[in-house]
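Asks: Sequence and predicted structure below; questions after.
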Amino acid sequence: LRQAEAQLPLMEARRAEAEARLEEAQKNYDNTRTLFERGFASQTQLNAAKAALESALAGVEAVRSQRGGALAGVEQARSPLAGAKAAVEQAHANLAGAKAAVISAESQLQTARAGVAQARSQLESAHAAV
């Protein structure tokens, strides 16, 4: 889990870097297109700017996909942990229930012993009266 979580800041940095490249490529393409439309840039320059923009966009998508994979890895690592935690909590609840049952049984046993002692006392009184 720690290893998977350690990848998240790296993925976030890569995402920020890729988005900065995309923003720069978009500005460069827009400027080159304007220059092309005014006759100050060649078709080759415009094509190169467009290719750089498309490459930057693909870079952003790739990083987003990698980040999604890293997040999925974290969730997958957390899943067994969550299951184990739930099992421990259930075991604690079962233990508390068992302790309550033992206390109840001990109380019933004391009540039964008191009943036996009272019955013996009554029996002894009856024998003495005879």
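Replies: On my side now, so go ahead. Numbering: from 1, shown residues only.

Asks: name the helices or strands packed onto the strand or helix carrying residue 7?
Replies: Using DSSP states H and E, residue 7 sits within helix 2-37. On a contact count with 3 or more C-beta pairs under 8 Å, 6 or more residues apart in numbering; DSSP states H and E, helix 2-37 meets helix 43-129. The way it works is simple: take the backbone N, C-alpha and C, and place the C-beta from them, glycine included.

Asks: pLDDT weak spots in this structure?
Replies: 1, 4, 80-83, 85-86, 92 (pLDDT under 70).

Asks: From the centre of this structure, give me the residue that's furthest out.
Replies: The outermost residue of the chain relative to its centre, with distances by C-alpha atoms, centre = their mean, is residue 130 at 78.9 Å.

Asks: So for the helix holding residue 7, what gets flagged as buried?
Replies: For helix 2-37, burial by neighbour count (16 or more other C-beta atoms under 10 Å) applies to 4, 7, 11, 14-15, 18, 21-22, 25, 28-29, 32, 36.

Asks: who's in contact with residue 56?
Replies: By C-beta atoms under 8 Å, 6 or more residues apart in numbering, the contact set of residue 56 is 18, 21, 22, 24, 25, 26.

Asks: I'd assumed residue 63 was in contact with the first one.
Replies: Same thing as residue 18. Yes: between residue 18 and residue 63 a contact is recorded at 4.4 Å, counting by C-beta atoms under 8 Å.

Asks: returning to what we had before: distance of the residue farthest from the centre of the chain from residue 123?
Replies: Distance, residue 130 to residue 123, using C-beta to C-beta, to the nearest Å: 11 Å.

Asks: now residue 75
Replies: For residue 75, the distance to residue 123 (C-beta to C-beta) stands at 71 Å.
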